[in-house]
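Participant: fold the following, please.
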Amino acid sequence: MAGLSIAITGDGELFQIWPTHAMKRFPHATIYDRSAKVTAFRHAEVKLGKDGLLNAEGRDAAKRTAQNLANPPEVDATVTFRGPLQNGVVTVKCKTGTEKVFQIRLNGLGKKAIEQAFFNVDAAITRCKVVAPMA
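Facilitator: Next comes the predicted model:
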């Protein structure tokens, strides 16, 4: 779906599987990784830039990262992952405030099993995209 923006956060095995699935399911979406690990890495990048430990190009990138951390882009959906493959929980929260929680039981790592496990999650994300009414 063109123009869809998704932030992902959380941890666990489902968090590791879904992004690859999402790149196939939502090829035109922008996906932001807002997990604790990536956020910590981004803060470390900013610190290295402020401490002068990066070259000029790196310092410029660190400044852009600091601006992005201070003012993160608004997203259509935030998807939070918790738990293992067999008993995971995925929460989809739309920028409109709508929130859905799904219990996920992934019964294999094949394409069909992954698509079936995330079918309702994907549908909830798609419904988060707010489309302006036609004039």
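Participant: and residue 3, helix, strand or coil?
Facilitator: Here residue 3 is recorded as coil under DSSP: H, G, I helix; E, B strand; the rest coil.
Participant: so which strand or helix has the closest residue to residue 58 other than its chain neighbours?
Facilitator: Once flanking residues are discounted, residue 58 sits nearest to residue 49: 6.4 Å by C-beta to C-beta, 6 or more residues apart in numbering. The C-beta positions use only the backbone N, C-alpha and C, and glycine is treated the same way. Using DSSP states H and E, residue 49 sits within helix 36-50.
Participant: now swap in residue 115 and tell me
Facilitator: helix 111-117.
Participant: output the next helix or strand after that helix as CSV, nothing but the C-alphas.
Facilitator: For helix 111-117, the following helix or strand on the C-terminal side (DSSP H and E) is helix 119-128. Only the C-alpha atoms of helix 119-128 are listed here, as CSV (Å, rounded to 0.1, in the frame of the first residue of the first chain):
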residue,chain,number,x,y,z
PHE,A,119,-3.1,-12.2,8.3
ASN,A,120,-5.2,-10.3,10.9
VAL,A,121,-2.2,-8.2,11.9
ASP,A,122,-1.6,-7.2,8.3
ALA,A,123,-5.3,-6.4,7.8
ALA,A,124,-5.3,-4.2,10.9
ILE,A,125,-2.3,-2.3,9.7
THR,A,126,-3.9,-1.7,6.3
ARG,A,127,-7.0,-0.3,8.1
CYS,A,128,-4.8,2.2,9.8
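Participant: quick one: contacts of stretch 49-62?
Facilitator: Applying C-beta atoms under 8 Å, 6 or more residues apart in numbering, the external contacts of stretch 49-62 come out as 45-46, 48, 63, 65-66.
Participant: what is the mean pLDDT for it?
Facilitator: The predicted model assigns stretch 49-62 a mean pLDDT of 96.
Participant: gap between it and the chain center?
Facilitator: In terms of C-alpha atoms, centre = their mean, to the nearest Å, the centre of stretch 49-62 is set 26 Å apart from its chain centre.
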